[in-house]
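S.K.: What shape does this take:
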Amino acid sequence: LWYTILVHQRNLMSYLKKRHNTWYARMGIPEVARPILGRNEFVKSLQTSSRSLAESRALLFITDWKEQVASAISDDRLKQEAQWWRTTYHNATTKESIDDVLHALSDRVEVIGAKSSEADAKRFYELATGKTVELADHIEAWFTIRKTEVSEKFAYTSKQRLYRMAERFKLSTDVERKGVVKWIEEQRVKLAVVTVRKIITACDDYWKYLQSRELIEEGQSPFEGHQIKPKAKDTMHKAMQAYRACEVANLHREAVSNRKVNLAHAIRIGAYTGCRQDEICKLKVDDIIIESGTECLNVRDAKTKAGLRTIPIADQLLPFIHQLRDEAVECGSEYLLQGEVIDKYGKRSRNISKQFTKLKTDMGFGEFHDFHSIRRTVATLLEQAEVEEIHAARLLGHKLKTMSYGLYSGGTSMDVLKRTVDKVSYGAGSF
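M.R.: Residues are numbered from 1 along each chain as shown. Sure, this is the predicted structure:
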């Protein structure tokens, strides 16, 4: 066993490089995969000077990078060849040369169909003749332009939404209005109406970008003109449910029992703050501040503008936050939850999200419960404690729609918010 661990560590160290007292993960990309992945190597800052912590963080990235390379080499050889045929076809200028290319291409398509499958042969032919494009291939180019037109954060969020679309529709020829309508209906069940609208807007913009590049044919965008009615929001909220107070306590207890340390920490913080999952994972030591004599958590990275808020730390939670702070300072970590990494989408909650999904599923919770349901539990407990909605909204980071409080008010006093958060109680199951 010790020999296996030693070999693993030696192999892992070959991917690590230290610059200016900070460790980086690096992995070269084989030449055959470079045109597909669009780079010569992967590089990622591990945001630590500790070798052991760097090894732990690097493993997640290296595993993901190896999967990307393997996929590029195995699945996209036909795609690379199709790109060559497309260039050859595009450069053919006379009728005779075009006929020669198409004749040779037809022979090649027949061979692919015999050796692989009809689906692969059809995909190869459409890519080679320019009748279709893989939708994921041009998202980065679109993003490069889009971030010069809007804020980079907005463009980045739109890019994430396009990759979600490209998972459903691989090729441009897969996109038909009927299929888009069905996909929108599926999204409406899971997401808020405003989010679905933003997804479709991004898809429509991307489709028109492809048309402007002459990568797909002109015509009405299949993502244009959809009426997404507000009633879908009501359906979503009826579907997703809050946990009972005892169930939140049980989730925390089970996470501790399974030795999922950061998961247990995230559940505990969420249970007494109502913070979103990624808000919790991005809390730093410096986010523990004192305002009006009260120790608070300063949420500086949130999903919405209203989510940027200062939350007084509940008496029940305060000793635990001090413990996390002291441990982080001792280990040289800037984050309260140590060891998590920021993924390519800017999220730091990827690992915890996967762990929570498995935990709640193993405990018998289905699709109508998720980590966000803890936030719903906090809202429920505040309502049951007869907290005024305006104070609950300030605490949870909800947008205020009234003119008086939403536009003109300078905010609820910290003293009032502290009394509010201390009303979140899990009774005998407090943790």
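
S.K.: In contact with the residue in the chain sticking out farthest from the centre, which residues?
M.R.: In terms of distance from the mean C-alpha position of the chain, residue 96 ranks first, at 50.1 Å (CA atoms, centre = their mean). Contacts of residue 96 were listed using CB atoms under 8 Å, 6 or more residues apart in numbering, and none were found. For glycine as for every other residue, the C-beta is placed from the backbone atoms N, C-alpha and C.

S.K.: in what helix or strand does it lie?
M.R.: helix 95-115 (DSSP states H and E).

S.K.: distance between that helix and the chain's centre?
M.R.: Relative to its chain's centre, helix 95-115 lies at 42 Å (CA atoms, centre = their mean, to the nearest Å).

S.K.: which element follows that helix toward the C-terminus?
M.R.: helix 118-128.

S.K.: neighbouring contacts of that following helix?
M.R.: Contacts of helix 118-128 (CB under 8 Å, 6+ apart): 78-79, 81-83, 85-86, 89, 105, 108-110, 112-113, 131-134, 171, 173.

S.K.: Name the helix or strand for residue 186, please.
M.R.: Residue 186 belongs to helix 177-190, assigned by DSSP H and E.

S.K.: Which positions within that helix qualify as buried?
M.R.: 180, 183, 184, 187, 188 (16 or more other CB atoms under 10 Å).

S.K.: gap between the last one and residue 194?
M.R.: What that stands for is residue 188. Remark: distance between residue 188 and residue 194 (CB to CB, to the nearest Å) = 11 Å.

S.K.: hmm, back to that, which pair of the buried residues of helix 177-190 spans the longest distance?
M.R.: 180 and 188 (12.5 Å; CB to CB).

S.K.: ok, residue 391 touching residue 421?
M.R.: No - the pair residue 391 / residue 421 is not scored as a contact, 9.4 Å apart, by CB atoms under 8 Å.

S.K.: So those two - more neighbours on which side?
M.R.: residue 421 (25 against 18; other CB atoms under 10 Å).

S.K.: For the more buried one, give me its contacts.
M.R.: 272, 273, 311, 312, 313, 314, 395.

S.K.: before we move on, what about residue 172?
M.R.: Residue 172 touches 132, 133, 135, 210, 215, 216, counting by CB under 8 Å, 6+ apart.

S.K.: quick one: the helix or strand hosting residue 198 to chain centroid distance?
M.R.: Element membership for residue 198, per DSSP H and E: helix 193-212. Centroid separation between helix 193-212 and its chain, computed with CA atoms, centre = their mean, is 18 Å.

S.K.: swap in stretch 350-362?
M.R.: 15 Å.

S.K.: Could you give me the buried positions within it?
M.R.: So, applying 16+ other CB under 10 Å, buried residues of stretch 350-362: 350, 351, 352, 353, 355, 356, 359, 360.

S.K.: ditto for stretch 305-313
M.R.: For stretch 305-313, using 16+ other CB under 10 Å, the buried residues are 307, 309, 310, 311, 312, 313.
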